[in-house]
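Student: Need coordinates for the below:
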Amino acid sequence: MISKKFSNMLSLKNIRMKYILLTLTIFFIIILFIFNKMNSKAVIGKVAQGKGEWLTLSVTNTNTDNKSDIWMVDTETEVKQKLVGNREPMISGKVNTAGDILIYSDAIGTGPWDVFRLNIPTKEIYQITNDSLGQFNLHFGDEEGNIIFAKSGDKNSPIPQISRIDVNKKEGKTIELGSPNLGVQDFDIGDNKIIALAFPYDEYVTKKFKKNDDLAKINYYIIEMNMDGSNRKVITEIKASRLDSISLSKSKDSIILGGTGMKDNEKGFYKLDLKSNKIDTLLTQEQLGKPNEVPEISQPYIAALSSDGKKLYFAAVPTGTSEKSIYGNITVYPNTLYCYNLEDKKLKEFFKIPDIFISNMSFTYK
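Tutor: Residues are numbered from 1 along each chain as shown. Got it, this is the predicted structure:
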């Protein structure tokens, strides 16, 4: 009788223990589920916000060694990181939206500029091209850098073109601009479209070299096309003395241009509204002030517009800077990266290393 009661008590206790364990298991599962949901929301929120930009700066030391580096700057945190250093020629590159892959152009020895891909966390470098044409002004065709677009030469012509490189297939293809006389000055990629800044090569050579007229205006064409070069159309035509750069805003509804002679002979940066086809001035040297009193905007004329459209990043020469000679016969002025607030009209230094020349800047919206 006692053993039976004891047995019943044990059975009841086991049932209670199982019930308690089941309850605790369900409780922990719910907690883990809620925790994971909170974490996933936090990550999604962080990605969706996409604050800031990655600036990729190509700099050359103007002292005796003339070595070149590539720096990456996070505009949100202002954290700076040297990605590639101590290179012989001028190099340039671009990072992806995650900020973990750099594609860059580098000339090894006496060879032309070839394309390399750097895994930033692991520091692994992979050489992508090895040809005689040279590739520069690189853009990602996908996030991993398996498809790359570049400004390159042509086997049968000196006119610069856009090339598409398939890394896995080890294939390259030239993207046609619509006329064999059109050369690409710069281009950008967004929403599976190529936006190219093109110019008539013959007109450029005649006015700029044969007539040696730097102020002469030539026709520039902004061309939109699919990633394979199809459905090509001219968005607008602009007369200017010189246009160096083109880039899409983060909203993809406007284009940022840098150059001289778009309006009179001023130099600076402009925004083209793709809906109205209207060009507005973002910042000119005249708005900043006289070059001997304020920093002078550097060549090439390249600017990065912040994600919210409130700040403009560009290189300029500080007042009192003396010229330097690099690579024996190239005269440059050491410069600094500045940030201009388009709302309160204030200018501040953003990236400065003594005695360096910022030869190129690319940027990627997060």
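Student: Which parts of the stretch 251-366 of the chain are strands?
Tutor: For the stretch 251-366 of the chain, the strands defined by DSSP state E, counting those that start in this stretch cover 254-260, 267-273, 279-284, 296-297, 303-305, 311-317, 324-326, 330-332, 336-341, 347-351, 356-365.
Student: For Q161, which of those is the nearest?
Tutor: strand 356-365 (19.0 Å; C-beta to C-beta). Where you see a C-beta, it was placed from the backbone N, CA and C, and this is true even at glycine.
Student: Just want the angle from that closest one to strand 336-341.
Tutor: Here strand 356-365 runs at an angle of 40 degrees relative to strand 336-341 (axes from the mean of the first three to the mean of the last three C-alpha atoms, to 10 degrees).
Student: okay if I get the strands of the stretch 251-366 of the chain as a markdown table plus mean pLDDT, mean neighbour count and distance to T236?
Tutor: Below are the strands of the stretch 251-366 of the chain laid out as a markdown table (pLDDT from 0 to 100; neighbours: other C-beta atoms under 10 Å; distance: least, C-beta to C-beta, whole Å):
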| stretch | mean pLDDT | mean neighbour count | distance to T236 |
| --- | --- | --- | --- |
| strand 254-260 | 98 | 24 | 9 |
| strand 267-273 | 97 | 20 | 7 |
| strand 279-284 | 96 | 16 | 9 |
| strand 296-297 | 97 | 22 | 23 |
| strand 303-305 | 96 | 25 | 18 |
| strand 311-317 | 98 | 22 | 21 |
| strand 324-326 | 94 | 16 | 36 |
| strand 330-332 | 94 | 13 | 32 |
| strand 336-341 | 98 | 19 | 25 |
| strand 347-351 | 97 | 16 | 30 |
| strand 356-365 | 96 | 22 | 23 |
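Student: out of the ones you listed, nearest to N86?
Tutor: strand 356-365 (13.2 Å).
Student: and the closest one, how far out from the chain's middle?
Tutor: In terms of C-alpha atoms, centre = their mean, to the nearest Å, the gap separating the centre of strand 356-365 from the centre of its chain is 8 Å.
Student: now for it, which elements pack on it?
Tutor: Applying 3 or more C-beta pairs under 8 Å, 6 or more residues apart in numbering; DSSP states H and E, we find strand 356-365 packed against strand 53-61, strand 92-95, strand 311-317, strand 336-341.
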